[in-house]
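S.K.: Show me how the following folds:
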Amino acid sequence: MIKYNSPEEWKKKGTELFGEKALDWKFKCPACGKVSSGHDFKKVGADAMDLTQKCIGNFLDGGEPDPENNEKGCNWKAYGLFRIGDIVVCEGHELDVFPFATEEVD
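M.R.: Reported below is the predicted structural model:
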């Protein structure tokens, strides 16, 4: 888990990894391992704004995470019962987000 001290710090890291276009940024679901970008979310008819906090599996067929089957849905969200991703501090509040896809996931 990585804690970014501001949205600007988090955005700087995303830009370093994937470039200026946020739709190109990739995140990895810590539960099932699916990696997706904003483009992937748009392809399945989902809001690209959900990219940082929901597994794309929520928009496939839902269900329990399955790292062995990448076609199966996954119902995990960064803001669920367990802290499973990274944290971005914004105006004194902590926002849970999925980790960038190129970073190690615990």
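
S.K.: And the lowest-mean-pLDDT helix or strand in the chain, what does it pack against?
M.R.: Sorting the helices and strands of the chain by mean pLDDT, DSSP states H and E puts strand 86-90 at the bottom, at a mean of 86. In terms of contacts (3 or more C-beta pairs under 8 Å, 6 or more residues apart in numbering; DSSP states H and E), strand 86-90 is packed against strand 3-4, helix 7-18, strand 93-97. C-beta: built from backbone N, CA, C; applies to glycine.

S.K.: Tell me which residues are up against the last one.
M.R.: Strand 93-97 has contacts (C-beta atoms under 8 Å, 6 or more residues apart in numbering) with 10, 27, 52-53, 78-79, 83-89.

S.K.: which of the residues you listed count as buried?
M.R.: Among those, those classed as buried by 16 or more other C-beta atoms under 10 Å are 10, 27, 52, 53, 78, 84, 85, 86, 87, 88.

S.K.: which one of these sits closest to residue 2?
M.R.: Checking the buried ones among the contacts of strand 93-97 against residue 2 with C-beta to C-beta, the nearest one is residue 86 at 4.5 Å.

S.K.: for the closest one, what are its contacts?
M.R.: Residue 86 is in contact with 1, 2, 3, 4, 10, 96, 97, 98, 99, 100, counting by C-beta under 8 Å, 6+ apart.

S.K.: Out of those residues, who's the most crowded?
M.R.: Neighbour tally across the contacts of residue 86 (other C-beta atoms under 10 Å): the maximum, 26 neighbours, falls on residue 98.
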